[in-house]
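[1] Quick one, fold the following:
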Amino acid sequence: MAWLKIMFCILFVKSCTSWHSPENGATCKPGSCGENDQMCECLLTIEHRLTMMTTNPPMLVRPYNGSLYLYNDTNHRFPLSDEKVAGVITGDGYGSRLVIAINGKFPGPTIEAYEDQTMIIHVRNLMHTDSTTIHWHGMHQKGTPESDGVAFISQNPILPGKTFTYKFTAQPHGSSFYHAHIGDQRSMGLYGGFIIYPKDKFSSQPQVGFTVLLQDWNHDDEPETLYQRMINGVYDLSKNTLIEPTQSVDGANFSRFHMHSALINGKGRYYTGYNDRYNRKTFTHNNAPLETFEIQYSYSHRFRVISAATLYPFRVYVQGHRELNIRASDGFEIVRGTGNNSRDLIVESFIIHPGERFDFTLNANQDRGTYLLVAESIEDLSKKTPPEYHAAEAIIRYKGTSSTYPNKDSSAHSRCTSSTPCVTFNCPYLYYPNYDNRLCITFDEANSNERLSKFKEVQIADETLFFNFAFPGELGNTPGSVNGHQFISPTSPILTNEKDLTTHCRNTDCGEDKICNCTYNVELSSDRVYQFVLTNLGNGRGWSHPVHLHGHYFYVMKMGFGRYNKVSGKFLTSTTDIECIGSKNYCNSARWANITWTNADNSIPGLQLNYPPEKDTIIIPTGGYVIIRFKANNPGAWFFHCHIDLHNTNGMGMVLLESKDKYPHKDLSSGGDSSGKRSYHIIFLFTFLGLAFSLA
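    This next block holds a predicted model:
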């Protein structure tokens, strides 16, 4: 009867899964996901949990000196065992708040696979009332647009109690992550690392290393509340005052999302500040446990830094180690220069925005001991009263040294001097204030180090399109939008049900001087090379936007900035390279100010035509622009949006309908469930079994 079991497995794939994923069990199926395996099969179970609670039995815990203690152990006599601590979701150790856990973990477990493997990932939604989807950020989904995981773009949401199976090819290699793509669930922890090891081993570089997942953290609010507070304001009810949003050092705005602290791999600590009697800013923290990475002296170690942040960018550095070697961004290897002028991209620190990933290698060549990996918010907090400090921290410990719990790094500013300024990569502005003794390198100053880079395919663009990511409009009506279109989600997947779309963009509602609400989409023709000019201009500029393209990587050809005060670092005026069309300065439509740039795209000064760096998420500086190019060679419906969750939810996104005549036609299950298919399978199975037994 073995053949009957085989037939049963073919019809009921999930019933033949030989492993389960309890909270402490294997996420991925034993015998899959290895270097020589063709397939990588995993199971992710999504449910709500509380921070700072033990399990079996549930009891509240509190932090002290890097350890956890039961709430009633007020003398800190009995620290929890490592096994007990591993089962606690700590966050920053403050209070106890609701999070979304994956396989009992926050963030979810990191999945490691190999390039070109077939990924089969079952997602089970055990949340009681919330639907969800999972996007595989960085995966191009070539031939499998239905597995991109965007609610109502590629699939219906996975309903509570239902399971959905994603199947796709692990491409491209590099540091990626998976996360929710409905509402703002990522802010509650619905994300995890997703590392694809390359076929080409880049023998000079270590590939196996440490995964560093960053998140900005709020103590109080779940996603819907966060969104409403962004719209209506954040208040300190203890003081009956409005909390003003912060700015970066150049004066660009951050939206209303109050960050209390930040996390690395779900762990952090909460700082409170005060001015001492000499009016010096002083900070104390709550002694919560931190993530620890152990390194070995004289070795080079790879760190894969992934920003799952809701809103804020971070500047990342390592205490006591002045040189970080930037190896890759969004999975693609980068260097400085080309050919004989190619050299490693060595910096003191780098800035990472939501949705971006940066790999760096660290030479363990300092005194053996304990150091901090620090990701500081790039907010200007100098005027905050009382003082605030927003940073994610992790411990880097040299192997063989004693375990210590370090305090806040106090050496960060003293190591940057006028004679030896610190170099920071991927700035969203051109300058730091002079007193910071810090130099900026923007992303377009890097070059691709991909051995198989296809940059020659995009050296000539077939078509140029302008897209303005901003908050244009009149007072009281300034929604997030692209070219003045506030995105309205379809009610069924546009990939398969475009004919059902009822929220079309109409010329009568949308235009140069209008703000409209619709499902904004643009059709792309097969195999054409598109040049997108991504802008942040007009009366809706003032916020930096990290923009993510699904289904593709692109080449960063140039970044254009406005004018800055070189001494203070403050933004002064927008770029003059682009002319906004219209009478209200919404910049819903734009063109090059210099007509010669229009007539010949490659006449644009500063274009990086030789080994431009590849990426899938790029920051658009306030008052500036970014030129990207890619070849439309991946049919599907691809979301194109700001990766700040709150901006995206507010309407700052659109859909690229690429090569509609070449869509892969597949039978997609509705509502994130396979019950419809299963009913068919049951009928087929019993018909087959009846026939089989009648012949026996």
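[2] which SSE is residue 231 in?
    Element membership for residue 231, per DSSP states H and E: helix 223-232.
[3] now the helices for the protein?
    2-11, 82-86, 223-232, 494-497, 595-599, 645-649, 675-695 (DSSP state H).
[4] sorry, back to before: run the chain-centre distance for the helix holding residue 231.
    20 Å (CA atoms, centre = their mean, to the nearest Å).
[5] before we move on, what about stretch 293-309?
    For stretch 293-309, the distance to the chain centre is 18 Å (CA atoms, centre = their mean).
[6] List the buried residues for it?
    Across stretch 293-309, burial judged by 16 or more other CB atoms under 10 Å covers 293, 295, 300-309. C-beta here means a position set from N, CA and C on the backbone, and glycine is covered the same way.
[7] Could you check the longest strand anywhere in the chain and say which residues are buried?
    When secondary structure is assigned using DSSP state E, the longest strand within the chain turns out to be strand 39-50. Buried residues in strand 39-50, counted by 16+ other CB under 10 Å: 39-46, 48-50.
[8] Then stretch 315-334?
    Buried, per 16+ other CB under 10 Å, within stretch 315-334: 315-319, 321-322, 324-334.
[9] just checking, what packs against the longest strand of the chain?
    Contact partners of strand 39-50 among helices and strands, from 3 or more CB pairs under 8 Å, 6 or more residues apart in numbering; DSSP states H and E: strand 98-102, strand 108-114, strand 118-125.
[10] Select, out of these, the one closest to residue 174.
    strand 108-114 (11.6 Å; CB to CB).
[11] quick one, the closest one and strand 39-50 angle?
    Put simply, strand 108-114 runs at 170 degrees to strand 39-50, going by axes from the mean of the first three to the mean of the last three CA atoms, to 10 degrees.
[12] Can you tell me what sits against strand 108-114?
    Strand 108-114 is contacted by residues 27-28, 33-35, 37, 40, 42, 44, 101-103, 119, 121, 170, 178, 189-197, 199, 211 when judged by CB atoms under 8 Å, 6 or more residues apart in numbering.
[13] ok, 6 Å please
    27, 33, 35, 40, 42, 102-103, 170, 192-197, 211 (CB atoms under 6 Å, 6 or more residues apart in numbering).
[14] now swap in stretch 216-232 and tell me
    Residues contacting stretch 216-232 (CB under 6 Å, 6+ apart): 92, 94, 183-185, 187, 255-256, 259-263, 309-310, 312, 646, 649.
[15] do the same with stretch 246-264
    By CB under 6 Å, 6+ apart, stretch 246-264 touches 92, 212, 215-219, 229-230, 234, 243, 245, 268, 270, 291, 311-312, 378-380, 390-392, 394, 429, 542-544, 569-571, 622, 646.
[16] Report the buried residues of the helix holding residue 231.
    Here helix 223-232 shows 223, 226-227, 229-230 as buried, counting by 16+ other CB under 10 Å.
[17] Skipping adjacent residues, who's closest to the residue most central in space within the chain in space?
    For the chain, the residue nearest the mean C-alpha position is residue 355 (2.3 Å; CA atoms, centre = their mean). Sequence neighbours aside, residue 643 is the residue nearest to residue 355 in space, at 3.3 Å (criterion: CB to CB, 6 or more residues apart in numbering).
[18] so how many other residues sit close to the one you found?
    28 (other CB atoms under 10 Å).
[19] which regions of this protein lie under the pLDDT threshold?
    Within the chain, the stretches with pLDDT under 70 are 1-25, 201-206, 412-413, 665-696.
[20] Report the contact partners of the closest residue to residue 411 other than its chain neighbours.
    Computed as CB to CB, 6+ apart, the closest residue to residue 411 that is not its neighbour in sequence is residue 319, at 6.7 Å. Residue 319 sits next to 371-372, 409 when contact means CB under 6 Å, 6+ apart.
[21] please redo it, this time with the cut-off set to 10 Å
    366, 370-374, 393, 395-396, 406, 408-412, 415 (CB atoms under 10 Å, 6 or more residues apart in numbering).
[22] what does residue 640 give?
    467, 469, 482, 487, 520-522, 532, 534, 547-552, 653-656 are the contacts of residue 640 under CB under 10 Å, 6+ apart.
[23] what are the bridge partners for it, then?
    Taking DSSP bridges as the rule, residue 640 bridges to residue 549, residue 654.
[24] Now for the residue nearest to residue 155 when sequence neighbours are not counted, how many residues are close by?
    Spatial nearest neighbour of residue 155, excluding adjacent residues (CB to CB, 6+ apart): residue 493 at 5.6 Å. By other CB under 10 Å, the residues close to residue 493 number 21.
[25] Distance check, residue 493 against residue 267.
    37 Å (CB to CB, to the nearest Å).
[26] on that earlier part again, just the ones in strands from the buried residues of stretch 293-309, please.
    Of these, the ones assigned to strands by DSSP E are 293, 295, 300-307.
[27] Tabulate these (TSV), appending distance to residue 60.
    Below are those laid out as TSV (distance: CB to CB, whole Å):
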residue	distance to residue 60
293	28
295	34
300	42
301	36
302	37
303	33
304	33
305	32
306	30
307	30
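[28] Need the max-distance pair from those.
    Across those, the longest distance by CB to CB is 23.1 Å; it joins 300 and 307.
[29] Skipping adjacent residues, who's closest to residue 484 in space?
    residue 588 (3.6 Å).
[30] measure that neighbour to residue 257 for me?
    Distance of residue 588 to residue 257, given as CB to CB: 26 Å.
[31] With residue 311 instead?
    From residue 311 across to residue 257, the span is 5 Å (CB to CB).
[32] Need the residues touching each of these two.
    Common neighbours of residue 311 and residue 257 (CB under 10 Å, 6+ apart) are 187, 216, 218, 226, 230, 245, 644-646.
[33] re earlier: looking at the helices and strands packed on strand 39-50, which is nearest to residue 446?
    Of all these, strand 108-114 comes closest under CB to CB, at 25.8 Å.
[34] Sort out for me which of the contacts of residue 319 are in strands.
    Per DSSP E, the contacts of residue 319 map to strands at 370-374, 393, 395-396.
[35] Sort out which one of those residues lies nearest residue 341 for me.
    Distances from residue 341 to the ones in strands among the contacts of residue 319, taken as CB to CB, are shortest for residue 373 (31.0 Å).
[36] show me what contacts that closest one?
    Counting by CB under 10 Å, 6+ apart, residue 373 has contacts 210, 212, 264, 290-293, 303, 305, 316-319, 321, 362, 392-396, 409.
[37] I appreciate the help and will end here.
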